[in-house]
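Engineer: Requesting a structural model of the entry that follows:
(4 chains)
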2 protein chains.
Amino acid sequence: MRIGDLAAATGLSRDAIRFYEKAGLLDSARLGNGYRDFPPEAVPWLHYVRTAQTLGFTLAEIARHGERLRDAPDREEGLTALLAEKIAVIDERVAGLLALRADLAERVGSGCALRPGEAIVPDAARLLR
Amino acid sequence: MRIGDLAAATGLSRDAIRFYEKAGLLDSARLGNGYRDFPPEAVPWLHYVRTAQTLGFTLAEIARHGERLRDAPDREEGLTALLAEKIAVIDERVAGLLALRADLAERVGSGCALRPGEAIVPDAARLLR
DNA sequence: CTAAAGGGTGGAGTACGCTCCAAGGTCAAA
DNA sequence: TTTGACCTTGGAGCGTACTCCACCCTTTAG
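Structural biologist: I've put the predicted structure just below:
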């Protein structure tokens, strides 16, 4: 498929796709006229890339993941390990969010958000222009 | 406290603190010699800023939160509303992460990560240089 | 044949969140 | 008094992840 089709299928811009290719996230064949020719697998792969991005992975990290997949002697094992790793990252993030949530909820519920010495933002007005 | 003390207390660089001030995240008094003079509350406030940042809030958003705190006629009510809002955002984010986690876990656990037509990365090797 | 739609390249520009530097003022200890 | 630590400002530079643009070629429809 050509870049426009891939863009339509993924919701990405052509420029973004070219950028990903330059970043080593994506490789393409070329047609006789110089046009890029992407395999259909590029669609789920780019969806995966976007997902990983929203999880906070940089493009460089995602590219490294891709390399690991490519180099894995046993493809399935490599992918499983990668997914397990991602799950661990997610769990960490969720735990962090829940801890903060509990912290905030405690202050809200108890109506003591401004109790001296405990407030997150003890005197915000003094700190802001 | 002066900028060096605040930097030491928060683990931030002086440049970062000046940057935050410019960004409207922080206001400081000035000593007679022009040195910035931060109130001790700046320490927990900056910790809060960093926490919010790791949760994915941009500095602009955090600054807006701060402004709302400053402008709230009833300080305590304003803070409580803000915290409640943040909790809602956190809940959304957690839900998204957990959905993704379930999706990944399903593929890992079932050992069918590479089942044709369902694979996240059907043929990564073809897509990478 | 021509015009529009789509593709290619290179390079500039953008937003965010800083870091680093130069040039200079301030202050406390030796 | 001099040294050194600490402070000031302004501006440049950087990495990430793009977007936009100019300029040109290819393909397709009428």
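Engineer: Tell me how many other residues crowd the residue of chain A found nearest DNA strand C.
Structural biologist: Going by Cβ to the nearest atom of the strand, DNA strand C is nearest to A:Gly4 of chain A, at 2.5 Å. Yep, even glycine has a C-beta here, placed from its N, CA and C like the rest. Neighbourhood size, A:Gly4 [other Cβ atoms under 10 Å in any protein chain shown]: 12.
Engineer: who are the neighbours in contact with it?
Structural biologist: A:Arg14 (Cβ atoms under 8 Å, 6 or more residues apart in numbering or on different chains).
Engineer: got the phi/psi numbers for it?
Structural biologist: phi -70, psi -40 (degrees, to the nearest 10).
Engineer: give the contact list for A:Val43.
Structural biologist: A:Leu6, A:Ala9, A:Thr10.
Engineer: List the contacts of the residue nearest in space to the middle of chain A.
Structural biologist: Using Cα atoms, centre = their mean, the residue of chain A that lies closest to the mean C-alpha position is A:Gln53, 1.6 Å off. Shown in contact with A:Gln53 (Cβ under 8 Å, 6+ apart): A:Leu59, A:Ile62.
Engineer: before we move on, what about A:Thr10?
Structural biologist: A:Thr10 neighbours (Cβ under 8 Å, 6+ apart): A:Ile17, A:Ala42, A:Val43, A:Leu46, A:His47, A:Arg50.
Engineer: hmm, try it at 6 Å
Structural biologist: A:Val43, A:Leu46 (Cβ atoms under 6 Å, 6 or more residues apart in numbering or on different chains).
Engineer: What's the separation between it and A:Thr80?
Structural biologist: Shown here: A:Thr10 relative to A:Thr80, a distance of 25 Å by Cβ to Cβ, to the nearest Å.
Engineer: A:Thr51 now?
Structural biologist: For A:Thr51, the distance to A:Thr80 (Cβ to Cβ) stands at 17 Å.
Engineer: now the strands for chain A?
Structural biologist: A:29-30, A:36-37 (DSSP state E).
Engineer: TSV for those strands, including distance to chain B?
Structural biologist: Shown next, in TSV, are the strands of chain A (distance: least, Cβ to the nearest Cβ, whole Å):
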stretch	distance to chain B
strand A:29-30	9
strand A:36-37	12
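Engineer: so which of those is the most packed in?
Structural biologist: With neighbours defined as mean count of other Cβ atoms under 10 Å in any protein chain shown, the strands of chain A peak in mean count at strand A:36-37, which reaches a mean of 17.
Engineer: can you list contacts of that one?
Structural biologist: Here strand A:36-37 has contacts from A:Ile3, A:Ser28, A:Ala29, A:Leu31, using Cβ under 6 Å, 6+ apart.
Engineer: quick one: pLDDT of the residue nearest to the third one when sequence neighbours are not counted?
Structural biologist: The shortest distance from A:Ala29 to any residue other than its chain neighbours is 4.5 Å, reached at A:Asp37 (Cβ to Cβ, 6 or more residues apart in numbering or on different chains). Reading off the confidence values, A:Asp37 has pLDDT 96.
Engineer: Kindly report the same for A:Ile62.
Structural biologist: Confidence score, pLDDT, at A:Ile62: 89.
Engineer: ok, it - contacts?
Structural biologist: A:Val49, A:Ala52.
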